[in-house]
Each structure stands twice: as structure tokens, then as C-alpha cells.
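S.K.: sharing a model that was predicted from the sequence below.
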Amino acid sequence: MLRLAATHEPSNPYASQGMPSRAGNGAEKHATILVVEDEILTRVASADYLRSCGYRVLEATSAGEAQAIFHSGEPIRILFTDIQLPGGVDGFALASWVEKNYPQVRIIMASGAPEVMKKAEAAFSLKRPFLSKPYAFEVLLFHVRRLIVS
């Protein structure tokens, strides 16, 4: 279960690392984030939170839907994807496809399955952020902001 933030103005546990504490400022405000998650409550909660922080958010329930959004020409800045997705293409394969075809897009991955989390942490800990479900929205926001300025 995801932990919901009490307000639309999230606290910033990473303030000591120089990350801004207010939501959606400057160049961030128009950044587009694609959230790929088949669990509707998780997807909607994460997408709504990111919208409340000033981001433009698109949603997909599978890798195929996500690929269609990329093919449509949407200016995606960040892909936030679950690893376990329906339809035969998982989040690992989607991330690889995005890296090959859209190298400017930054990627954040998430999973709640223990066996998948171990594989993800080992394979991608140095390459891209990985969130273990349940994750705090403030942690997601920290990674989004960090990737937008990189």
C-alpha cells in the first residue's frame, strides 16, 4: 500500500542534499512524466501526486501502451515504470527499449515483489533509481527532481 502525503506541499527528507522543497518550479513545471503501472490505485495515486507537484503526467497500464505513447511523439522526460507488467513485456524490457530508442529519457523503476526487487537492485542500482513498494511519494519526487536537473 502506498503512503499518501498529508498535503500537496511535500516535506523534503533530502533537503540536506540540496534538493528544492517546493513543488513544481521553473523548468520542472512543464516536464512530462509517463507512469506505467497496471495496478490502478497505485498508478492513479502516483500520477495525481506528481500532477499536484506541477508535472504533466501521462499514464499507461502496460509496456505496449507506453510504447504507443512514445511513438505518438509525446515529449516524455521521465519514465516511471513498475517492473511487473501485463502483456509479456516487463519493466526491464520497456526500460531497455526506451534507453535504445529514446536515450534522453530518464528512468525510475519500482516493484513490490521481493524476488524482482533483489534482481533489480543488483542489476540497476548504479544505473537508475529503483523504488521498493510501498514507497513514499516524497522519495519519488526526490528522484524525479534529481533526474530532471541531470
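M.R.: Structure's in. What do you need?
S.K.: for the spatially most central residue of the chain, phi and psi?
M.R.: By Cα atoms, centre = their mean, the mean C-alpha position of the chain lies nearest to Phe80, the distance being 2.4 Å. Dihedral pair for Phe80: phi -120, psi 110, per degrees, to the nearest 10.
S.K.: which residues does it bridge with?
M.R.: As for beta bridges, Phe80 partners with Val35, Ile108 under DSSP bridges.
S.K.: just the pLDDT at it, thanks.
M.R.: What the model reports for Phe80 is a pLDDT of 98.
S.K.: does it touch Ile33 like I think?
M.R.: Yes - counting by Cβ atoms under 8 Å, Phe80 does reach Ile33; the two are 6.0 Å apart. C-betas here are computed from N, CA, C, even on glycine.
S.K.: where do the contact lists of these two overlap?
M.R.: Shared contacts of Phe80 and Ile33 (Cβ atoms under 8 Å, 6 or more residues apart in numbering): Val144.
S.K.: alright, I will stop here.
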